[in-house]
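Asks: what follows is a predicted structure for the sequence shown.
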Amino acid sequence: MSEQEAETLSPVLPDDVEEAAGALLKAACAARAKLVTAESCTGGLLASLLTDIEGASHAFERGFVVYSEESKCALLGIRRERIDSCGAVSKEVAVAMAQGAITHSLGDVALAVTGYAGEAPKGKEAGLVHFAWARRGGETVHRVEHFGDIGRGPVRINALRVALDMMRQAVDEL
């Protein structure tokens with residue numbers, strides 16, 4: 001795989017995010033691992049970043065953009081009752097998203113992200129983001145971040161950093 005930078009998103013992404021994406025894809029290629037994403041608040045940014053880097057198409061299997069509650073149920077097989085009882089932005093839903101992405105793909109590692117990138121509903125925390133990764137036949141790991149009310153763009157960029165870090169950890173543990 002060449003060390004070319006991500007061309008499409010380059011003008012808006014910090015260098016460390018592009019470098020982390022390149023390192024993740026290189027590690028996934030070396031491990032012959034297929035990556036999957038299930039994204040809500042990042043709206044497909046992670047999948048786009050991973051497909052912007054040439055030479056690693058065999059490492060990225062697919063991405064699910066599941067912004068609505070209905071899409072989380074329809075595409076990832078999450079029970080509506082789980083979302084209704086826990087909320088779409090919760091540990092339980094992030095874990096279910098990661099597990100659903102593995103189940104509904106040919107991937108080895110799936111990363112899920114759900115949160116409040118912009119203004120949160122009344123009584124909820126702006127900048128709260130839940131992440132989970134699942135490995136086929138293995139464990140599922142959850143992480144929560146409290147980025148704060150820093151704005152939609154900065155929350156999404158920080159979420160990319162965490163997602164890439166978590167995916168790299170999952171690949172390294174294969």
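Replies: Ah, there it is. These numbers come from a predicted model, not from an experiment. Numbering: from 1, shown residues only.
Asks: what comes up buried for the top helix by length along the chain?
Replies: Criterion DSSP state H: the longest helix present in the chain is helix 152-172. Of the residues in helix 152-172, 155-160, 162-164, 166-168, 170-171 count as buried by neighbour count, 16 or more other Cβ atoms under 10 Å. Every C-beta, even on glycine, is put in place using the N, C-alpha and C of the backbone.
Asks: show me where this structure has its strands.
Replies: Applying DSSP state E to the chain gives strands spanning 35-39, 60-65, 109-115, 128-135, 140-146.
Asks: parallel or antiparallel, which strands does the longest one pair with?
Replies: Looking back up the chat, that one is strand 128-135. strand 109-115 (antiparallel), strand 140-146 (antiparallel) (DSSP bridges).
Asks: let's have the ones you listed in CSV, adding mean pLDDT and distance to Gly100.
Replies: Output for the strands paired with strand 128-135, formatted as CSV (pLDDT from 0 to 100; distance: least, Cβ to Cβ, whole Å):
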stretch, mean pLDDT, distance to Gly100
strand 109-115, 98, 8
strand 140-146, 98, 11
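Asks: could the ones you listed go into TSV alongside distance to Phe131 and mean neighbour count?
Replies: Formatted as TSV, the strands paired with strand 128-135 follow (distance: least, Cβ to Cβ, whole Å; neighbours: other Cβ atoms under 10 Å):
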stretch	distance to Phe131	mean neighbour count
strand 109-115	5	30
strand 140-146	5	16
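Asks: where does pLDDT dip in this protein?
Replies: Applying pLDDT under 70 to the chain flags the ranges 1-10.
Asks: one step back: closest to Gln99 out of the strands of the chain?
Replies: Closest approach to Gln99 among the strands of the chain (Cβ to Cβ): strand 128-135, 5.0 Å.
Asks: let me know the angle separating that closest one from helix 152-172.
Replies: 20 degrees (axes from the mean of the first three to the mean of the last three Cα atoms, to 10 degrees).
Asks: which residues touch the longest helix of the chain?
Replies: 13-14, 16-17, 20-21, 23-24, 27-28, 31, 33, 35, 37, 41-43, 45-46, 49, 109, 111, 113, 115-118, 127, 129, 131, 133, 135, 141, 143, 145, 147, 150 (Cβ atoms under 8 Å, 6 or more residues apart in numbering).
Asks: hmm, which of the residues you listed are the buried ones?
Replies: 13, 17, 20-21, 24, 27-28, 33, 35, 37, 41-42, 45-46, 49, 109, 111, 113, 115-117, 127, 129, 131, 133, 135, 141, 143, 145, 147.
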